[in-house]
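J.: okay, predicted coordinates and the sequence, questions at the end:
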Amino acid sequence: MKRTLNVEDIISNDTFCQNRNHHLQDLIQIKKNRRITVGPDVTFYFENHLTLWWQIQEMLRVEKGGEEQLQDELLAYAPLLPKKFNDNSMELVATLMIEIDDIERRLRMLSNLGGIEEQIQLHVGTHCIQATAENDIERTDENGKTSAVHFIRFKLASNQVTEFHQANQHIIFEITHPHYSHKTLLNELQRQALAKDLI
């Protein structure tokens, strides 16, 4: 699990475009079990080095902003890499998206889901880990309307990391908002995919 993302990791637009289809196939395979739906409208997309590297390369390919844009993209995406701490605790990091196609229903839901980012838990066996939201900007406005996109961290203590790695461990992502109360039990392939971030 690579935990840094810097200028040396980024390849030129020409090289990226020449190999883009190959990189895309790798990404599709990796993301397949890293997409976790909780209820009908919320999806967690768990980030790692490859998913964030792809985002940066794609932004550079589309916008062609050169060195200045590269620095901006690294500042935006590199902090989303899951961290490992001195006490051997580790993180899972996800982009949470509230995905509703119908515009009127989406606006209605977002208006009722203020503070949803503060009511998310990860259960590993008997342990309950409260999610921490990125505080780069305020994502719930003064009227209680939330953003459709949030960046969420789960910090696992070393013993929780150990339990997460146990085959067929009971792992649940749960949202306990009064207007959106849902939970999802991971299947074994999903557990294995996310466990790779905890190494």
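T.: Received it, and whenever you're ready, just let me know what you need.
J.: pull the CA atoms of stretch 10-29 into CSV?
T.: C-alpha atoms of stretch 10-29 as CSV (Å, rounded to 0.1, in the frame of the first residue of the first chain):
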residue,chain,number,x,y,z
ILE,A,10,2.8,11.3,-12.5
ILE,A,11,3.6,10.4,-16.1
SER,A,12,3.4,12.7,-19.1
ASN,A,13,0.1,13.2,-20.9
ASP,A,14,1.5,11.5,-24.0
THR,A,15,2.6,8.4,-22.1
PHE,A,16,-0.7,8.3,-20.2
CYS,A,17,-2.8,8.5,-23.3
GLN,A,18,-0.8,5.8,-25.0
ASN,A,19,-1.5,3.4,-22.1
ARG,A,20,-4.8,4.8,-20.9
ASN,A,21,-6.9,1.8,-21.9
HIS,A,22,-4.5,-0.5,-20.0
HIS,A,23,-4.6,1.7,-16.9
LEU,A,24,-8.4,1.9,-17.2
GLN,A,25,-8.7,-1.9,-17.2
ASP,A,26,-6.5,-2.1,-14.1
LEU,A,27,-8.7,0.6,-12.4
ILE,A,28,-11.9,-1.2,-13.2
GLN,A,29,-10.7,-4.4,-11.7
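J.: any idea of the mean pLDDT for that stretch?
T.: Average pLDDT, stretch 10-29: 95.
J.: can you name the next helix or strand after the longest helix along the chain?
T.: Taking DSSP state H as the criterion, the chain has its longest helix at helix 49-63. The helix or strand immediately downstream of helix 49-63 is helix 66-77, counting by DSSP states H and E.
J.: can you pull out the residues in contact with that next one?
T.: When contacts are defined by CB atoms under 8 Å, 6 or more residues apart in numbering, helix 66-77 is touched by residues 5-7, 10, 52, 55-56, 59-60, 63, 65. Any C-beta I mention is one placed from the backbone N, CA and C, and that applies to glycine too.
J.: quick check: the two most widely separated of those residues?
T.: Longest distance between any two of the contacts of helix 66-77 is 19.6 Å, between N6 and E63; criterion CB to CB.
J.: quick one: buried residues of the least confident helix or strand in the chain by mean pLDDT?
T.: Among the helical and strand segments of the chain, the one scoring lowest on mean pLDDT, DSSP states H and E is helix 66-77, with a mean of 91. In terms of neighbour count (16 or more other CB atoms under 10 Å), helix 66-77 has its buried residues at 70, 73-74, 77.
J.: please save the CA atoms from it in CSV.
T.: C-alpha atoms of helix 66-77 as CSV (Å, rounded to 0.1, in the frame of the first residue of the first chain):
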residue,chain,number,x,y,z
GLY,A,66,0.7,21.8,-17.1
GLU,A,67,3.0,22.1,-14.0
GLU,A,68,0.8,24.6,-12.2
GLN,A,69,-2.3,22.4,-12.5
LEU,A,70,-0.3,19.3,-11.4
GLN,A,71,0.7,21.0,-8.1
ASP,A,72,-3.0,22.0,-7.5
GLU,A,73,-4.2,18.4,-8.2
LEU,A,74,-1.6,17.0,-5.9
LEU,A,75,-2.6,19.4,-3.1
ALA,A,76,-6.3,18.3,-3.7
TYR,A,77,-5.8,14.6,-4.0
